[in-house]
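Asker: Build me a structure from this.
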Amino acid sequence: MAIPVIAGIPWLAGVIGGLFSAVFSYLSAFLTKRFAIVAAAITVLVGITTAFFAAINALVTGLAIVAPAELSIAAGLVVPSNATACATAYITALIVRWAYQWNVKIVQYKLF
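Answerer: Down below sits the predicted model:
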């Protein structure tokens, strides 16, 4: 009776190994496609944000060049010198919060 049981072990190992290989290849193909889509979306969002910031910066710089000197001096008294860094930090915080909320909603849709 021991011989048939021992003879069936390589067959069982082959079936389990083949099943594991098929599942692993399917998951890797699925996750690779998903990762590529997420990476492309992040790249587009970063590009759009960078273009938006560059456009706003160009508009403000253009206005500062054509504005009278008195207006620039008055703005210098009211607006701090680190206003650009503060605005950048604020916009970045809004984007990070949005990305976090978006990911939480996606996980909630997948789980519930």
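
Asker: what's downstream of the helix or strand containing residue 61, the next helix or strand?
Answerer: Per DSSP states H and E, residue 61 falls inside helix 2-66. Next helix or strand after helix 2-66 toward the C-terminus (DSSP H and E): helix 69-78.

Asker: any idea of the angle that next one forms with helix 2-66?
Answerer: Interaxial angle, helix 69-78 versus helix 2-66 (axes from the mean of the first three to the mean of the last three C-alpha atoms, to 10 degrees): 130 degrees.

Asker: domain parsing for the protein?
Answerer: Using automatic domain parsing, the domain parsing of the chain gives 2-79, 80-112.

Asker: could you dump these to TSV with mean pLDDT and mean neighbour count?
Answerer: The C-beta positions use only the backbone N, C-alpha and C, and glycine is treated the same way. TSV is the format used below for the domains of the chain (pLDDT from 0 to 100; neighbours: other C-beta atoms under 10 Å):
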stretch	mean pLDDT	mean neighbour count
domain 2-79	80	10
domain 80-112	83	10
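
Asker: Residue nearest the middle of the protein, spatially speaking?
Answerer: Centroid-nearest residue in the chain: residue 42, 4.3 Å away (criterion: C-alpha atoms, centre = their mean).

Asker: So that residue versus residue 107, what's the distance?
Answerer: Using C-beta to C-beta, to the nearest Å, residue 42 is found at 17 Å from residue 107.

Asker: same check, this time on residue 30
Answerer: Residue 30 sits 17 Å away from residue 107, taking C-beta to C-beta as the criterion.
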